[in-house]
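In: got a predicted structure here, sequence first:
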Amino acid sequence: MNIALYILPELFLFFSISLLLMIGIFYKGKFKPIKFLTITSLFFTLALVANQPNEVIKIFSENYIIDNLSIVMKILTLLFCILVLFSSNEYIKINNIDKVEYFVITLSSVLGMLIMISSYDLILFYLGLELQSLCLYILASFKRNNERSTEAGLKYFILSALATGLLLYGCSLIYGFTGSTNFEIISNNLNDKNFGAIFGIVFIIIGLAFKISAAPFHMWTPDVYEGSPTSVTSFFAIVPKVAALTVFIRFMYVPFINVVEHWQTIVVFLSIASMILGAVAAIGQNNIKRLMAYSSIGHMGYALAGVATGTIEGIQSSIIYLIIYLVMNLGAFACIFMMRIENNYYENINDLSGLSKNQPLLSVSFLVIFFSLAGIPPLAGFFAKFYIFMSVIKVEMYALAIIGLLTTVISAFYYLRIIKIIYFDKAKKPFDQIYDWGLRASLIISTISILLYFIYPSILIDIIASIQIY
Amino acid sequence: MLAHTFFFYFFSGIAILSSLMVTLSRNTVYSVFFLILVFVSISILFIMIGAEFLGMIMLIVYVGAVAVLFLFVVMMLNVTEIVNKKNLKKKIINYRSVASLVGLIILLEMLIVVSGWKYKETFSVFSSININSEISNTHAIGNVLYTDYILLFQISGMILLVAMIGAITLTFKKKENVKRQKYFEQINREKDSSISLVEVESDKGVKLND
């Protein structure tokens, strides 16, 4: 009975998925209240997660953990899923993909993410990952009449299957050389002399790096972000990152904590490679979704820099970075959803030209969000990078900090280029005024929280400071 | 014991030979049949070492489902023998150098790992699983599958459900202009609704609805 109480959020989500599926079967045609039901079920799941006890609990023979980290990350996942659904509400209506299955699959992927976040065991982690990514493949190719969307889905599926294969190979090596799939037992049995298990760690890091789209395993990201419907792209850029980063942190700090010096170099390399690639490759992009893809690769590089420090402050700064990244991306994609003329959505950066003359308010949001993405003080993006560099310098990894600062300067170029196009170029045909309140609300929330973060930063820091890794 | 050894070498020989034939045979359909032979002989090897559950699963899943699926794919692709002979050899030669280099590197890495790691006698002590030799494998798996691993079992079910939903959403097309049988309407048809008597004037004809 106790166990059922502790996994109540997941159980609730599972039953609401089943219920929505039954509605989808018996209700012919479109079912309007489905959006409302989906968001409500996510909201109740959020309430159930927030209500979980503030202590470390391990259930299912110590394979499923509920602690501070998992609760915070689950709340983030659910909250941002709700916000993404709100902001993409009108897009999916206009593009005719607001079917029951879209919402059922979105909810199932969230269920997979919750399982991933709480997993304390290799098999459970793998199953959660599989549930989540299976849903993401389907979502990527959801606009099945569109060639690019199906291409994105297929590309994502094949490359992801390859990465999953490597990950599974790593898992089996670790199981073979440490004798268990449980994280704690692996941690006890892992030491410097266990070469086979260290060999396995490399494969696991490759698989995880693929999932959080860190270079050099990023090649799927731009194509998938560009090809998928924008609602799905915004989901990809925001929601799965939380679960993937959590799993990355948990893997590095629970089972592999005894061999820090072995994985540290790999994570530092991943971080530097992603920062450089995110800064350089985005310069030539004309499609704003593609640009956001490269930007997310770069940002994941900074988040990994925090993980690479091997200290608890590093993790905390990574999590703060992740949260601010999510807020900024929510705003950026809300802006992209605003680029619409008569039911046609535009994706080119040049379409934004002279936006400030037609829509001054939207331009200000663009300005705030892209300045923040570039890391210009006093906006939230600056503080996020500041915490990361502080923790990196504290452990004396100067090379990482210097490269990070340099890439920040390079990447500022392409963010500022968009601002220049909006404010100083000739005005084009104006975009429609969009009155959808969900979209407006998420844009306003993200812009204001980015603008005003510097007034009261301790609200975030206090929450994150309570996080310990078990 | 002698019979056991004999069968072991017999079936492992078949497994090795037929796995070679999978790659060497020119006809892809034959390759799939050799693959089935590999699976069957490996499942027999599993049964011989007492892992009857694994052997049977191997037989059901790999032979019954995967290999048949392969066979379907191969037959649908319609790869003829002639095309194979001409082009396959060229293609293999093109990739041979890169493939052998990568294979060699991985082989060396694996050798370093295996030679660096001493086989420990305490290896089985690590394992938290107690092996009870009195009950059969199937019984033992059943004991843990629905108790300790119930969460994993349920999540696997969820994954299969999602896979099914995904396959249906991505491929299902509602066809327009298809005449379907409507049993109730067809049975409930009355004489009044289906027959109408019309007075036909000469030289005018009748205009029909529909």
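Out: Sure, I can see it.
In: gap between B:Val114 and chain A?
Out: Taking CB to the nearest CB, to the nearest Å as the measure, B:Val114 falls 8 Å from chain A. To be clear about C-beta, it is placed using only N, CA and C from the backbone, and glycine gets the same treatment.
In: just give the number of residues close to that residue.
Out: Residues near B:Val114, counting by other CB atoms under 10 Å in any protein chain shown, number 12.
In: hang on, it is in a helix, isn't it?
Out: Yes: judged by DSSP: H, G, I helix; E, B strand; the rest coil, B:Val114 forms part of a helix.
In: find the nearest non-adjacent residue to it, please.
Out: Closest residue to B:Val114 apart from its sequence neighbours, by CB to CB, 6 or more residues apart in numbering or on different chains: A:Gly196 at 7.7 Å.
In: tell me, how many residues neighbour the one residue in chain A that gets nearest to chain B?
Out: Nearest to chain B, among the residues of chain A, is A:Gly179, at 2.9 Å (CB to the nearest CB). Counted with other CB under 10 Å, residues neighbouring A:Gly179 total 22.
In: quick one, grab the pLDDT at it.
Out: With respect to pLDDT, A:Gly179 scores 82.
In: what does A:Ile283 give?
Out: pLDDT for A:Ile283: 88.
In: ok, it - contacts?
Out: Residues in contact with A:Ile283, defined by CB atoms under 8 Å, 6 or more residues apart in numbering or on different chains, are A:410, A:413-414.
In: mind giving me the PyMOL command for buried ones among the residues you listed?
Out: In PyMOL, this line selects whichever of these come out buried by 16 or more other CB atoms under 10 Å in any protein chain shown:
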select buried, chain A and resi 410+414
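In: which residues are in contact with stretch B:163-182?
Out: Residues from elsewhere that reach stretch B:163-182 (CB under 8 Å, 6+ apart): A:21, A:99, A:101, A:104-105, A:108, A:134-135, A:137-138, A:141-142, A:144, A:153.
In: now render the residues you listed as TSV, adding distance to chain B, secondary structure and pLDDT.
Out: Shown next, in TSV, are those (distance: CB to the nearest CB, whole Å; DSSP: H, G, I helix; E, B strand; the rest coil; pLDDT from 0 to 100):
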residue	distance to chain B	secondary structure	pLDDT
A:Leu21	7	helix	90
A:Lys99	7	coil	84
A:Glu101	4	helix	88
A:Val104	6	helix	92
A:Ile105	7	helix	94
A:Ser108	5	helix	95
A:Leu134	5	helix	93
A:Cys135	6	helix	94
A:Tyr137	7	helix	93
A:Ile138	4	helix	92
A:Ser141	6	coil	89
A:Phe142	7	coil	89
A:Arg144	6	coil	83
A:Gly153	8	helix	90
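In: between those residues, which is nearest A:Ser231?
Out: A:Phe142 (8.8 Å; CB to CB).
In: what's the closest non-adjacent residue to that closest one?
Out: A:Ile97 (5.6 Å).
In: hang on, the earlier thing: what comes up buried for whatever helix or strand the residue nearest to B:Val114 lives in?
Out: Assigning secondary structure by DSSP states H and E places A:Gly196 in helix A:195-211. Residues of helix A:195-211 classed as buried: A:195-201, A:203-211 (neighbour count, 16+ other CB under 10 Å).
In: again, but for stretch B:34-54
Out: Applying 16+ other CB under 10 Å to stretch B:34-54 flags B:34-47, B:53-54 as buried.
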